[in-house]
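**Student:** Next input, structure requested:
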Amino acid sequence: MKQQRGPRKALVTIWCKIYTDNFSQEMINKMVTGQEIYDFLIKDSGNCFDDDGKLIPGDCNLWYLGSNEKFGNLLYKYKTWNWGFGESSFYNVEMFVTWIYMDGMLIQKQYQTLIEKIEEGKRIGDMYQIRDYLICKTEGKPWMAN
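**Tutor:** Next up is the predicted model:
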């Protein structure tokens, strides 16, 4: 009898330094599926609050990777993308996501959604503007990056 295999897994690190280590460390040196990578990148980071201290939903992890001011690391199997202070870029995130997609770990719909989130992050521009962007989005106001 043939054993059925589960979804493929790969070694991944998805991390950046924001604020005082507020970015999740759950994806550091983990063996994960493409679905788990996708879910983590899209998941709310939980770092945006309104003036009353209430959490503002929608600040996906992916945006902090492309717009943080400190440093970070993306690893997929043997390929790494590292950056230092002031060097974060959505280009790194796009290459990471594309590499994973080209290796067959993401389906086209997931890849397209991630690319759309990357483009949205580029429009925001700076991690310190994510909060204001989400407020504008919630209030239906047009976004004007500073």
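**Student:** Do you have the strands of the chain handy? List them.
**Tutor:** 10-16, 30-32, 72-76, 79-83 (DSSP state E).
**Student:** Residue 123 is nearest to which of the ones you listed?
**Tutor:** Residue 123 lies closest to strand 10-16 among those, at 19.2 Å (CB to CB). Yep, even glycine has a C-beta here, placed from its N, CA and C like the rest.
**Student:** Just the CA coordinates for that closest one, please, in PDB.
**Tutor:** This file holds the C-alpha atoms of strand 10-16, laid out as PDB (Å, rounded to 0.1, in the frame of the first residue of the first chain):
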ATOM      1  CA  ALA A  10      10.700  24.000   3.400                       C
ATOM      2  CA  LEU A  11      13.000  25.700   5.800                       C
ATOM      3  CA  VAL A  12      12.000  29.300   6.100                       C
ATOM      4  CA  THR A  13      12.900  32.400   8.100                       C
ATOM      5  CA  ILE A  14      10.700  35.500   7.900                       C
ATOM      6  CA  TRP A  15      11.700  38.200  10.300                       C
ATOM      7  CA  CYS A  16      12.500  41.900  10.700                       C
END
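**Student:** Show me what it packs onto, helices and strands only.
**Tutor:** Applying 3 or more CB pairs under 8 Å, 6 or more residues apart in numbering; DSSP states H and E, one finds that strand 10-16 contacts strand 30-32, helix 34-42, helix 61-67, strand 72-76.
**Student:** how far away is the residue nearest the centre of the chain from residue 15?
**Tutor:** Centroid-nearest residue in the chain: residue 62, 1.5 Å away (criterion: CA atoms, centre = their mean). Between residue 62 and residue 15 the distance is 13 Å, computed by CB to CB, to the nearest Å.
**Student:** how far out from the middle of the chain is the longest helix along the chain?
**Tutor:** For the chain, the helix with the greatest residue count under DSSP state H is helix 108-124. The gap between where helix 108-124 is centred and where its chain is centred comes out at 10 Å by CA atoms, centre = their mean, to the nearest Å.
**Student:** again with stretch 118-127
**Tutor:** Centroid displacement of stretch 118-127 relative to its chain, using CA atoms, centre = their mean, is 11 Å.
**Student:** Tell me the buried residues in it?
**Tutor:** Residues of stretch 118-127 classed as buried by neighbour count (16 or more other CB atoms under 10 Å): 118, 120, 121, 122, 124, 125, 126, 127.
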